[in-house]
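1. Predicted model, plus sequence, below.
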Amino acid sequence: MLLAASLLLKALAIPLLARVAWFDFTTQKISNSNVLLLLCLGVGSLLLLAVQSGSWWDMGLSALAGLLLFVVFFPFWTLRKVGAGDVKLMAVIPFLVGGTGLVVFSLLLMVFAVAMAVVVKNPFLLPAGAFRVYVQHMDRKGVVPFGVPISAAAIGAIAFQIYGSWVLASSSGVLQQLN
């Protein structure tokens, strides 16, 4: 039951991450309230898993990863290479995906960051003219909404975890016992 509640909290983070991605793409801003809500959902999910398993390892690993990401990305913010919202969002993501989901998140982040860079540098690949003009504007000003690939990678990592839990529950017969 605690696992289901933990997965529900993670599932609730998906639309919020989509909202963060959209607002970062359109306004180049990530609000503190959204980051704080994501942190609460992530910590709540990790707490439920820690109570169920009796191990605080994942919580500690997530806290350490979040601190490390904040420390690593902070100098990039001082150099104006990324925004403060991006730094805070990166520090919160380990709480959302957990220590076990960091590898999947990292791989997806690399893929989505490269895709975002390709789109920004080659806007002619996009279908709509207005969209192309907007991306060209981002390229001229040197602004890249890094919250979009961060959010997309987090959504993918969370979806992968939910799918993995679903497959495990269905193969162990838990879902058949509920019917």
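-> Arrived safely.

2. where exactly do the helices run in this protein?
-> Here the chain has its helices, by DSSP state H, at 2-27, 32-53, 57-78, 84-97, 102-121, 129-141, 147-171, 174-178.

3. Run through the neighbouring helices and strands of the third one.
-> In this case it means helix 57-78. For helix 57-78, the contact count by 3 or more C-beta pairs under 8 Å, 6 or more residues apart in numbering; DSSP states H and E identifies helix 32-53, helix 84-97 as packing neighbours. Glycine gets a C-beta too; all of them are placed from N, C-alpha and C.

4. would you turn the ones you listed into CSV with mean neighbour count and mean pLDDT?
-> Below are these laid out as CSV (neighbours: other C-beta atoms under 10 Å; pLDDT from 0 to 100):
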stretch, mean neighbour count, mean pLDDT
helix 32-53, 18, 93
helix 84-97, 25, 94
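
5. These into JSON lines, with extra columns for distance to Ser165?
-> Listed next are the helices and strands packed on helix 57-78 as JSON lines, based on distance: least, C-beta to C-beta, whole Å:
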{"stretch": "helix 32-53", "distance to Ser165": "11"}
{"stretch": "helix 84-97", "distance to Ser165": "13"}
